[in-house]
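>>> structure here, sequence nowhere to be found:
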């Protein structure tokens, strides 16, 4: 009776489109079940090696166990059933909504401006507040794309979604994310001017040399950050083991 | 003939699992033992194959899973939901109808 190589079993299920969480749970249940069978065999007087072999035989072979899951379409992940929607379109939508939400979150302090004593700060050091706001805006413009990109690459790699889908999604996200501009206007309590928030996309190549350079730099940064994460995480996934390794 | 057998047997694991779990919640190993004992060892599955059925039933909302500690180990227990009880009733009725039909045919043949 051949032992079940858990890493190979896990990869087989993930390649077939079974969701990562379900694979992990199945592995855990099989390991527990194997343990129980082994304990039962030991209680019947089998030696340790015999008990292991009996437990593996009763659990079922690798092919049988994997096929029993793979043949059930309801156990396939949406990532594999709709790869374009989930790994190409969804990251772009998520990026847009994350930008809007974070831009709104930046304006949140302005809503509670009275209670936070920012009014006094704005009166005494208006430049500080303006600079702080600019800093937050730049951080938002530079970090949101790599974060969204890494999250979706992580999901794609972990669930063994075919590379062509999530790489396409990542490239489109970097192109779009690099053209992101966040417009924020801080409310002015002196003049009772309301704050505004806006999100726009502009490539910059058609506008000016400076804007084209900025766009290129941001694109390079996003590609570099996302690329480094992908290389790191793929390597980590490939070398990841499972406690016990085989049943 | 094998195809007919498969068709007859296709809902059997679902029926057995729902029936046993409707009495009390169990984890996979317990459930396989219970199937073996209740069926008088007539049904002897490859034990690991019970999990895809459990996951599928859970996906369809017929079972719910929760973690509980038993004997110092974290186990995933399965219990039947209200939807699962309704499905169990349907499957039981279907199975009894088939059983009645077969009994009638066998009775006529013997008669």
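It's in. Bear in mind the structure is a predicted one, so any value in this text is a computation, not a measurement. Numbers count the residues shown, from 1 in each chain, chains lettered A, B, ... in the order given.
>>> measure residue A:148 to residue A:225 for me?
Residue A:148 sits 11 Å away from residue A:225, going by Cβ to Cβ, to the nearest Å. In this view, the C-beta of every residue, glycine as well, is placed from N, C-alpha and C.
>>> neighbour count winner among the two?
Between residue A:148 and residue A:225, residue A:148 has the larger neighbour count (other Cβ atoms under 10 Å in any protein chain shown), namely 24 against 18.
>>> wait, that one touches residue A:94, no?
Yes - with contact defined as Cβ atoms under 8 Å, residue A:148 and residue A:94 form a contacting pair (5.7 Å).
>>> buried stuff in the lengthiest helix in chain B?
Secondary structure of chain B read by DSSP state H shows that its longest helix is helix B:82-110. Buried residues in helix B:82-110, defined by neighbour count with 16 or more other Cβ atoms under 10 Å in any protein chain shown: B:84, B:87-88, B:91.
>>> in chain B, which spans are helices?
Going by DSSP H, chain B shows helices at B:2-9, B:12-23, B:28-38, B:50-59, B:82-110.
>>> adding mean pLDDT, write those helices out as CSV.
Below are those laid out as CSV (pLDDT from 0 to 100):
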stretch, mean pLDDT
helix B:2-9, 44
helix B:12-23, 91
helix B:28-38, 90
helix B:50-59, 94
helix B:82-110, 88
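>>> will you turn these into JSON lines that also has distance to residue B:74?
Output for the helices of chain B, formatted as JSON lines (distance: least, Cβ to Cβ, whole Å):
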{"stretch": "helix B:2-9", "distance to residue B:74": "33"}
{"stretch": "helix B:12-23", "distance to residue B:74": "19"}
{"stretch": "helix B:28-38", "distance to residue B:74": "13"}
{"stretch": "helix B:50-59", "distance to residue B:74": "16"}
{"stretch": "helix B:82-110", "distance to residue B:74": "23"}
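>>> the spatially most central residue of chain A: helix or strand, and which one exactly?
Note on chain A: the residue nearest the mean C-alpha position is residue A:151, at 1.9 Å, using Cα atoms, centre = their mean. For residue A:151, the host element (DSSP states H and E) is helix A:126-158.
>>> same question, residue A:99
Going by DSSP H and E, residue A:99 is in helix A:90-111.
>>> how about the contacts made by residue B:79?
By Cβ atoms under 8 Å, 6 or more residues apart in numbering or on different chains, the contact list for residue B:79 reads B:21, B:25, B:63-64, B:66.
>>> so which of these sit within strands?
Among the contacts of residue B:79, the members found in strands (DSSP state E) are B:63-64, B:66.
>>> rewinding a little: out of the helices of chain B, flag the one nearest residue A:163.
helix B:50-59 (26.9 Å; Cβ to Cβ).
>>> return the set of buried residues in the closest one.
B:50-58.
>>> same thing with stretch A:69-82?
A:69-70, A:75-77, A:79-80.
>>> just give the nearest non-adjacent residue to the closest residue to chain A within chain B, would you?
In chain B, the residue that lies nearest chain A is residue B:46 (3.2 Å; Cβ to the nearest Cβ). Ranked by Cβ to Cβ, 6 or more residues apart in numbering or on different chains and with sequence neighbours excluded, the top spatial neighbour of residue B:46 is residue A:60, at 3.2 Å.
>>> the residue of chain B closest to chain A is in contact with residue A:65, isn't it?
Yes - using Cβ under 8 Å, residue B:46 is in contact with residue A:65, at 7.5 Å.
>>> what do these two both touch?
residue A:59.
>>> could I get the contacting residues of residue A:48?
Counting by Cβ under 8 Å, 6+ apart, residue A:48 has contacts residue A:42.
>>> what packs against the helix holding residue A:151?
helix A:90-111, helix A:118-124, helix A:163-178, strand A:180-185, helix A:209-239 (3 or more Cβ pairs under 8 Å, 6 or more residues apart in numbering or on different chains; DSSP states H and E).
>>> which of the residues in it are classified as buried?
Neighbour-count burial for helix A:126-158 [16+ other Cβ under 10 Å]: A:129, A:133, A:136-137, A:140-142, A:144-150, A:152-153, A:155-158.
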